[in-house]
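Student: got a predicted model here, sequence first, then my questions.
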Amino acid sequence: MATRDLLDEAAIAAELDKLPSWSRDGAEIRRQMKAPSFMAGIELVAAVARAAEDADHHPDIDIRWRTLTFALSTHSAGGLTGKDFELAQRIDELASAHGAE
Ligand SMILES: C[C@H](O)[C@H](O)[C@H]1CNC2=NC(N)=NC(=O)C2=N1
C-alpha cells in the first residue's frame, strides 16, 4: 500500500476491522482511552509524541485528567491514508505498555 494515498471506503473499513478500539469520524479516526493516572497519561502522550516524530505524522491529542483522545487524519491528502492506520496501531501498542485502556 502506498501509505500516503487516500484510502477508499472498503480499505478504511478493512483497516478499522483490525483496530477495534478506533472509530471513524468523517475524515478522521479516533480513540479515547483512560490511563491509570494523570502522570501515566502524560508519559503515554510523550511516547506517542516520539512515535509521531519518527513517523513524521502527528495526531490531534486531547488530555482531560486521565482521559486521552487521539485523532488521526492525513491533512496533506485530505483524509485517511495508511499512515493514519500505522500510527493508530503504534498508539495501541504504547497504550497497552502504559496501562491505558
Ligand atoms: C512536512 C510534513 O511531512 C507534513 O507537514 C506532515 C507532518 N505531520 C502530519 N500529520 C498529520 N496528521 N497529517 C499530515 O498531513 C502531516 N503532514
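Tutor: Thanks, I have it. Residues are numbered from 1 along each chain as shown.
Student: any weak-confidence spans in this protein?
Tutor: 1-2 (pLDDT under 70).
Student: quick check: residues of it near the ligand?
Tutor: For the chain, the residues in contact with the ligand (Cβ under 6 Å from any ligand atom) are 56-58, 73-76. C-beta: built from backbone N, CA, C; applies to glycine.
Student: try 8 Å
Tutor: Within the chain, the positions lying close to the ligand (Cβ under 8 Å from any ligand atom) are 52, 56-60, 72-77, 83-84, 87.
Student: filter those down to the buried ones.
Tutor: 52, 57, 59, 72-74, 77, 83-84, 87 (16 or more other Cβ atoms under 10 Å).
Student: now, which of the residues of the chain next to the ligand sits nearest residue 14?
Tutor: Relative to residue 14, the closest of the residues of the chain next to the ligand is residue 84; by Cβ to Cβ it sits at 13.4 Å.
Student: need the contact list for that closest one.
Tutor: Listed by Cβ atoms under 8 Å, 6 or more residues apart in numbering, the contact partners of residue 84 are 29, 57, 72-74.
Student: element containing it, please.
Tutor: Taking DSSP states H and E as the definition, one finds residue 84 inside helix 82-97.
Student: could you give the separation of that helix from the chain centroid?
Tutor: Here the centre of helix 82-97 is set off from its chain's centre by 6 Å, with Cα atoms, centre = their mean, to the nearest Å.
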